[in-house]
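In: what's the 3D shape of this:
(2 chains)
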Amino acid sequence: MNQFQYVRPTKPQAAIDAVAKDQNATFIAGGTNLVDLMKRGIATPQKLVDINRLPLTKIEKENNGLRIGALALNSTVADDKQVRQKQPLLALALNAGASAQLRNMATVGGNMLQRTRCSYFYDLAMPCNKREPGTGCGALEGINRMHAIFGFSDKCIAVHPSDMSVALVALDATVLVSGPKGERRIPFADFHRLPGDTPEKDTNLEKGELITAVDIPDGPFTKHVHYQKVRERASYAFALLSVAAALDIENNTIKAARLAMGGVAHKPWRLTAAEQSLVGKPATEESFRQAAAIAMQGAKAFKHNAYKLKLGPNTIVQALKTAASAA
Amino acid sequence: MSIESDKPAGHDEARRTFLKQSSLLTAFTMVPGPVLQAATYELDEKVAAAFEKVPLRLEVNGVKHKLSVEPRTTLLDLLRENLNLTGTKKGCDYGQCGACTVHVDGQRVNSCLSFAVMHEGKKITTIEGLTNGDKLHPMQEAFVKHDGFQCGYCTPGQIMSAVACVREGHAGSEGEIREYMSGNICRCGAYSNIVAAIQEVKNGGQKV
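Out: Okay, the predicted model is just below:
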């Protein structure tokens, strides 16, 4: 691993300054992805700004919702009483990700900033526009069974690996950010980017901007929720495809719905049209099938991931059925 | 000791340049062959002299340590290489197998995926710290009784994880145990015996 300078500020502004003024500096929190990338030579920061001493771990009520500090651990959030009561979908998604050990290290902010697990991104011998812009995309004509079916470009067909983010986009979360130019709020759906011509940029964060918290508005999705994750073993694997589903049901009629998919695009993939199609419909498999068909419109497969065109709608239906029957 | 950076920019700049050069030097030293040996010896000395180590205070298995480490040293390497606590194993070194599981302030973590300096002031427990003198921890006893291993390489990580699993309250059923132990891979496939050991400790109600 390359050598680097290590600093450990205790105030957010000092951390922001340290990263903003130095092109080769980066924040480190849990480190579960960054240390991995550094060991492999994919990330080579020359300065690490350890933000673990910043006061950003609280989970608290804020206006009409929950505010979760960027440094709250994934395990803490998943086990938090308020989260389980008000946003059970988030707890389900968090517990579907990684392992108990990793959830004890990984933070909310870091989870959102995970890099793709595309094998071409990870293999230094292979071309990858995300790792090294201009070298091409190895996955486009390569082994692409894990790759995107929505929103890709000819520069990159990688998918975002986070489970937590799929729930957060469905729940209309907002990312609170503090940077050299002050504070701003980014709607979760606008936080991650599609690859376009600049796949090296995963998010719309600017240099030196620090995630401080995530706001989730209170909603009616406290009971009929489910996170369905399909993977190659029962636990501790990245998703082939996942679905976050939340329903508000009264007298078997759907009053409101939230739906998002993971493992299908460069960002967590919100399915707004499918959600709208469910409103006013009975909570039946037929309604769910129709919504799934709408959700899959525009999907396009590559050589090895055509299975996702079938797995997608089936997983949506399964997630909605399970959510509807959740007691 | 606080490690806030208050160095002037000029110093940073010089240091960065040095870092760049020294990375090159490091690469250089990895080239084998007698041709390079004379030259690299001297360069290595300079590298060692110029690199500031970071002070680190840790409590490991009840023993307080005052250390000085390179920031890139992982907690796992610190335990094994600097403190000679080789009970904690290096399996994959990428957070995929769980062999390196230790407790930091009571929470189980993968020691391979964090830098030691990030644990300033924390309490670390490794498999060596689980026993009470010569008396095995109940989880160790249960692993022996149920044959919870074959080759034994993943066992320290399995046991550290298993103790945490019970303490967290995630050992309520076989399914829950399997889910919450999924971060520990056993290539010998002793899983059913590991689950049996954990269930015995959980149901025995002993203090873990």
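In: what's the neighbour count on the residue of chain A found nearest chain B?
Out: Nearest residue of chain A to chain B (C-beta to the nearest C-beta) works out as A:Ser99 at 2.4 Å. Yep, even glycine has a C-beta here, placed from its N, CA and C like the rest. A count of nearby residues for A:Ser99, using other C-beta atoms under 10 Å in any protein chain shown, gives 27.
In: longest single helix anywhere in chain A?
Out: Of all segments of type helix in chain A, defined using DSSP state H, the longest is helix A:307-325.
In: neighbouring contacts of that one?
Out: A:145, A:149, A:224-228, A:230, A:240-247, A:249, A:259, A:261, A:263-264, A:271, A:274, A:278, A:283, A:285, A:288-289, A:291-293, A:295-296, A:299, A:301 (C-beta atoms under 8 Å, 6 or more residues apart in numbering or on different chains).
In: List only buried entries from the residues you listed.
Out: A:145, A:149, A:224-228, A:230, A:240-247, A:249, A:259, A:261, A:263-264, A:271, A:274, A:278, A:283, A:288, A:291-292, A:295-296, A:299, A:301 (16 or more other C-beta atoms under 10 Å in any protein chain shown).
In: on that earlier part again, among the contacts of helix A:307-325, which are in strands?
Out: A:224-228, A:230, A:241-247, A:249, A:259, A:261 (DSSP state E).
In: With respect to B:Ile159, which of the residues you listed is nearest?
Out: Distance to B:Ile159 across the ones in strands among the contacts of helix A:307-325 (C-beta to C-beta) is lowest for A:Tyr227, with 30.5 Å.
In: sorry, back to before: could you pick out which of the buried ones among the contacts of helix A:307-325 are near chain B?
Out: Counting by C-beta under 8 Å from any C-beta of the partner chain, nothing from the buried ones among the contacts of helix A:307-325 sits close to chain B.
In: Show the contacting residues for the residue nearest the centre of chain A.
Out: Taking C-alpha atoms, centre = their mean, the centroid of chain A lies closest to A:Ser165, which sits 2.7 Å from it. By C-beta under 8 Å, 6+ apart, the contact list for A:Ser165 reads A:Asn111, A:Met112, A:Phe188, A:His192, A:Gly262, A:Lys267, A:Pro268.
In: and the last one, how many residues sit next to it?
Out: By the other C-beta under 10 Å criterion, the neighbourhood of A:Pro268 contains 29 residues.
In: Just to be sure, A:Glu183 is in a helix?
Out: No. Counting by DSSP: H, G, I helix; E, B strand; the rest coil, A:Glu183 falls outside a helix, being strand.
In: send the alpha carbons of the helix or strand harbouring A:Met38 over as PDB?
Out: Using DSSP states H and E, A:Met38 sits within helix A:34-39. Coordinates of each C-alpha in helix A:34-39 appear next as PDB, following Å, rounded to 0.1, in the frame of the first residue of the first chain:
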ATOM      1  CA  LEU A  34     -11.500   2.600   1.200                       C
ATOM      2  CA  VAL A  35      -8.900   0.300   2.900                       C
ATOM      3  CA  ASP A  36      -9.800  -2.500   0.600                       C
ATOM      4  CA  LEU A  37      -9.300  -0.200  -2.400                       C
ATOM      5  CA  MET A  38      -6.000   1.100  -1.100                       C
ATOM      6  CA  LYS A  39      -4.700  -2.400  -0.500                       C
END
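In: Tell me how many other residues surround A:Ser235.
Out: For A:Ser235, the count of nearby residues is 16 (other C-beta under 10 Å).
In: Apart from its chain neighbours, what residue comes closest to it?
Out: B:Ser182 (3.6 Å; C-beta to C-beta, 6 or more residues apart in numbering or on different chains).
In: Distance of the one you found relative to A:Asn111?
Out: For B:Ser182, the distance to A:Asn111 equals 18 Å [C-beta to C-beta, to the nearest Å].
In: When these two are compared, which one has more neighbours?
Out: Neighbours were counted for B:Ser182 and for A:Asn111 using other C-beta under 10 Å; A:Asn111 has more, 29 against 20.
In: Can you give me every residue that contacts residue 161?
Out: Reading this off chain A. So A:Pro161 contacts A:Gln114, A:Arg115, A:Thr116, A:Arg117, A:Phe238, A:Ala239, A:Gly263 (C-beta under 8 Å, 6+ apart).
In: other chain: chain B
Out: Contacts of B:Ser161 by C-beta under 8 Å, 6+ apart are A:Ala100, A:Gln101, B:Gly98, B:Thr101, B:Arg108, B:Met181, B:Gly183, B:Asn184.
In: Next, count neighbours for the second one.
Out: Residues lying near A:Gln101 (other C-beta under 10 Å) number 30.
In: shouldn't it be in contact with B:Arg108?
Out: Yes. The pair A:Gln101 / B:Arg108 is scored as a contact, 5.1 Å apart, by C-beta atoms under 8 Å.
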